[in-house]
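A.B. asks: Here's my sequence, what's the structure:
(2 chains)
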Amino acid sequence: MTQANSIQTSNNAPQKKRKAVALISGGLDSLLAAKVIQEQGIHVEGINFYTGFCVEGHTHAIRKKDKDKQKRNNALWVAEQLGIKLHIIDISEEYKDIVLNPKHGYGANLNPCLDCKIFMVNQAQAWAWAEENGFDFIITGEVIGQRPKSQRKETMPIIARESGAEDRLLRPLCAKNLMPTLPEREGWVDREQLYDFSGRSRKPQFELAKKFGFDDFAQPAGGCCFLTDANYSAKLADLWEARGERRYELDDIMLLKVGRHIRPKPNFKLIVSREEGENNFLKGYKKQFTSIHTVSHGGPLTLLDGSFDKEDIKLAAQIVARYSGGKSADAVTVQIENFNGTSYVMDVPPMPAHEVKEEWHV
Amino acid sequence: MSSKHTLDCSNLLCPMPVIRTQNALKELNEGDTLEVICTDPGTLSDIPTWCRINQQEVLSTEEVDNQIIFYIKKTAN
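C.D. replies: Got it, this is the predicted structure:
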């Protein structure tokens, strides 16, 4: 055993340096949880899971209006602040079952927070790499009472038990409100240096951040998952209803983050870009969707999703024309391009604004 | 003997270019070079950050038209 991998105990017998895997979301809580454990001399590495619903990244990468916003992946930024390795794992495919069939149900929107946490802890524990590298326990930034569904005192043991992590799951920020875990009982971690945070107030976290010298951290409203967002959840519910079944592909959930979604009839909807950045993003989908763009005037690229006939396309073209530079013109020429590359043009009168019904907006 | 590899992450958005880069580097030998082609401007921050914290070396970064191209040397496992 090398010196770097061992610490000396009072009787001079070398003791294995313990290793913890921290679930890093990119927010403040997981940053602090990892830091608290690092401060006790534990080797910490981070895992960040990509579900497809992560808030950060996509929207600001697409939209021009967000061009000046700092583009950074907060989980990576957190890892760099901590000086730890970060392993980002794509679980978007396996995650579908959590979204579609949450055993413990949804939160206020389509957020399956409790199942999500169980799944992530379980993935962290089951991750072959973590086991192979002799990681001893898992850290999360959970705080009792912070979130109404997943972070309640009653649900904490459920996460530990159902994830399989049992008492190798340590929540440093609220550990003192819970039964001692294995790392505490074994003396790997000093329970006295852990915390007893609870409730929705984040004041204790801000104070701890100040103590550690962190003054720049992400504070995503409603967490870092689109499924906690009411508007996004409504779009996802609409997608399932229109398809007559609850399923999605990664592209579906990406597209729910982009453009205006307008459903004039149950069988199809339009995804209308709002600006150049979205236009460019939607162009990448022209081989998967029928698309409409205006020829005679400047205007948005629009994708049609669903099944539609000629009359539906004409209706869609009129709506697209309404969002183009020719909205006051008598007629606008649009080009309809099928995903196989064939195309044709038609002239349509733009739909008057008042005829684009409010309830069409998903 | 070191070799050169290319990874096309065009049209992929954060964090997929980082995930693909991370996974591609796992398969390479120490000393190998990976050329990563991206279009997401977020990668300008994310890929160098990932390399720094995971002890991989960004040899150079080029921006051509709307593409960002990273040359990364695998320096550690």
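A.B. asks: Show me where chain B has its helices.
C.D. replies: Taking DSSP state H as the criterion, chain B carries its helices at B:16-27, B:43-53.
A.B. asks: most tightly surrounded among these?
C.D. replies: Across those, averaging neighbours per residue (mean count of other CB atoms under 10 Å in any protein chain shown) puts helix B:43-53 on top, at a mean of 21. No exception for glycine: its C-beta is placed from N, CA and C like everyone else's.
A.B. asks: quick check: angle from that helix to helix B:16-27?
C.D. replies: Relative orientation of helix B:43-53 and helix B:16-27, computed by axes from the mean of the first three to the mean of the last three CA atoms, to 10 degrees: 30 degrees.
A.B. asks: Need the contact partners of helix B:43-53.
C.D. replies: The contact list for helix B:43-53, computed with CB atoms under 8 Å, 6 or more residues apart in numbering or on different chains, reads A:70-73, A:76-77, A:79-80, A:83-86, A:88, B:9, B:14-15, B:17-18, B:21-22, B:36, B:38, B:56-58, B:61, B:68, B:70, B:72.
A.B. asks: Report the rounded mean pLDDT for stretch A:251-271.
C.D. replies: Averaged over stretch A:251-271, pLDDT sits at 93.
A.B. asks: Quick one: end-to-end distance for it.
C.D. replies: With CA to CA, to the nearest Å as the measure, stretch A:251-271 spans 13 Å from end to end.
A.B. asks: Is it positioned near chain B?
C.D. replies: Yes: contact of stretch A:251-271 with chain B (CB under 8 Å from any CB of the partner chain) involves A:M254.
A.B. asks: ditto for stretch A:300-311
C.D. replies: No: Stretch A:300-311 is not in contact with chain B by CB under 8 Å from any CB; minimum separation 14.8 Å.
A.B. asks: Buried residues of that stretch, list them for me.
C.D. replies: The neighbour-count check on stretch A:300-311 (16 or more other CB atoms under 10 Å in any protein chain shown) flags A:P300, A:L301, A:T302, A:L303, A:L304, A:D305, A:G306, A:F308 as buried.
A.B. asks: Sort out for me which of those residues are in strands.
C.D. replies: A:T302, A:L303, A:L304, A:D305, A:G306 (DSSP state E).
A.B. asks: Just put these in CSV and tack on pLDDT and distance to A:A20.
C.D. replies: Listed next are those as CSV, based on pLDDT from 0 to 100; distance: CB to CB, whole Å:
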residue, pLDDT, distance to A:A20
A:T302, 97, 49
A:L303, 97, 45
A:L304, 97, 49
A:D305, 94, 44
A:G306, 93, 48
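A.B. asks: Which of the residues you listed sits closest to A:S163?
C.D. replies: A:D305 (36.1 Å; CB to CB).
A.B. asks: so can I have TSV of the ones in strands among the buried residues of stretch A:300-311 showing distance to A:V320?
C.D. replies: Below are these laid out as TSV (distance: CB to CB, whole Å):
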residue	distance to A:V320
A:T302	5
A:L303	10
A:L304	10
A:D305	14
A:G306	15
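A.B. asks: A:N340 is nearest to which of the helices of chain B?
C.D. replies: The nearest among these, by CB to CB, is helix B:16-27 at 26.6 Å.
A.B. asks: starting at the chain centroid, how far to that closest one?
C.D. replies: 7 Å (CA atoms, centre = their mean, to the nearest Å).
A.B. asks: residues in contact with A:Q38?
C.D. replies: A:V44, A:L82, A:I84.
A.B. asks: Please name the nearest non-neighbouring residue to the residue most central in space within chain B.
C.D. replies: For chain B, the residue nearest the mean C-alpha position is B:V36 (4.5 Å; CA atoms, centre = their mean). Leaving aside its sequence neighbours, B:V36 sits nearest to B:F70 (CB to CB, 6 or more residues apart in numbering or on different chains; 4.4 Å).
A.B. asks: Tell me how far the closest residue to chain A within chain B lies from A:F308.
C.D. replies: Closest residue of chain B to chain A, CB to the nearest CB: B:C14 (3.1 Å). Note on B:C14: its distance to A:F308, by CB to CB, to the nearest Å, is 33 Å.
A.B. asks: these two touch, right, B:K4 and B:D32?
C.D. replies: Yes: using CB atoms under 8 Å, B:K4 is in contact with B:D32, at 7.2 Å.
A.B. asks: With adjacent residues omitted, what lies nearest to A:P264?
C.D. replies: A:W360 (5.1 Å).
A.B. asks: wait, what's in contact with the one you found?
C.D. replies: Contacts of A:W360 by CB under 8 Å, 6+ apart are A:I262, A:R263, A:P264.
A.B. asks: Show the buried residues in those.
C.D. replies: The buried subset of those (16+ other CB under 10 Å) comprises A:I262, A:R263, A:P264.
A.B. asks: how about stretch A:33-51: buried residues?
C.D. replies: A:33-38, A:40, A:42-51.
A.B. asks: show me where the stretch 101-250 of chain A has helices.
C.D. replies: Under the criterion DSSP state H, counting those that start in this stretch, the stretch 101-250 of chain A contains helices at A:113-126, A:128-132, A:155-163, A:182-185, A:203-212, A:230-243, A:250-255.
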